[in-house]
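> What follows is a predicted protein model with its sequence.
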Amino acid sequence: MKKVSVIVPNYNHAPYLKERLDSIFNQTYTDFEVILLDDASTDNSVEILKQYTGDKRVSHFIVNKTNSGSPFKQWKKGLSLAKGEYVWIAESDDSCELNFLETNLKLSNKAEIIVAKTLLLRDDLKTREEILHPVFKNSKAETLKIEHYLEQCPIRNVSAIIFRNSE
């Protein structure tokens, strides 16, 4: 069993897809499976995804015949296929550092969910703005407590987290 299941749900993100997939397949931590899902893209996403299916870490490559209308349905499909101890939903229009898994898995014995720093990258604004949850902006907190979830969801971007698989 692989330590991590990486779910890549995609819909029409061809412009970002190669960078995203390279940021996954070139991770310094390599004990993972990849589940590639396409939700009936109308751009050339499927052709880009196919280029990665030769990698032995790709356990599933599923292309929907019709669009599901919801990324959450794709997440659910990916979760039903995930066999890893941990899950990472790596959205197709995001990217990450090549040590994302290695760095965050070091914390895995301390938490059920690990939330990484999230940067907003916009070429039109030439910015690398860090997106912080209010609890981190207003205190020295290093962990989230249940009351923080009541204030506002602490997960700003699903691509920035890994979590223990409940299956």
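Thanks, I have the structure now.
> quick one: low-confidence parts of this protein?
1, 110-156, 167 (pLDDT under 70).
> Show me the residue at the heart of it, geometrically.
With distances taken as Cα atoms, centre = their mean, the chain has residue 90 as the residue nearest its mean C-alpha position (1.9 Å).
> quick one: contacts for that residue?
Taking Cβ atoms under 8 Å, 6 or more residues apart in numbering as the contact definition, residue 90 lies against 6, 7, 8, 20, 24, 96, 159. For the C-beta atoms, the positions are set from N, CA and C on the backbone; glycine is no exception.
> Report the buried members of these.
Using 16 or more other Cβ atoms under 10 Å as the burial test, these include 6, 7, 8, 20, 24, 96, 159 as buried.
> Pull the most distant pair out of those residues.
7 and 96 (13.9 Å; Cβ to Cβ).
> quick one on the thing from earlier: quick one: which of the buried ones among the contacts of residue 90 sit in strands?
Mapping those onto strands (DSSP state E) picks out 6, 7, 8.
> Closest to residue 45 out of those?
residue 8 (10.6 Å).
> Contacts only, for that closest one.
Counting by Cβ under 8 Å, 6+ apart, the residues that residue 8 touches are 20, 21, 24, 34, 35, 36, 37, 78, 90, 91, 92.
> try residue 77
Residue 77 makes contact with 37, 62 under the criterion Cβ under 8 Å, 6+ apart.
> Show the residue spans covered by the helices in the chain.
Counting by DSSP state H, the chain has these helices, from start to end: 14-25, 45-50, 71-81, 100-105, 134-137, 146-151.
> which one of the ones you listed lies closest to residue 165?
helix 71-81 (7.9 Å).
> from the middle of its chain, how far away would the closest one be?
Centroid separation for helix 71-81 versus its chain: 12 Å, with Cα atoms, centre = their mean, to the nearest Å.
> Can you give me the buried ones in it?
Buried-residue list, helix 71-81, by 16+ other Cβ under 10 Å: 71, 74, 75, 77, 78, 79.
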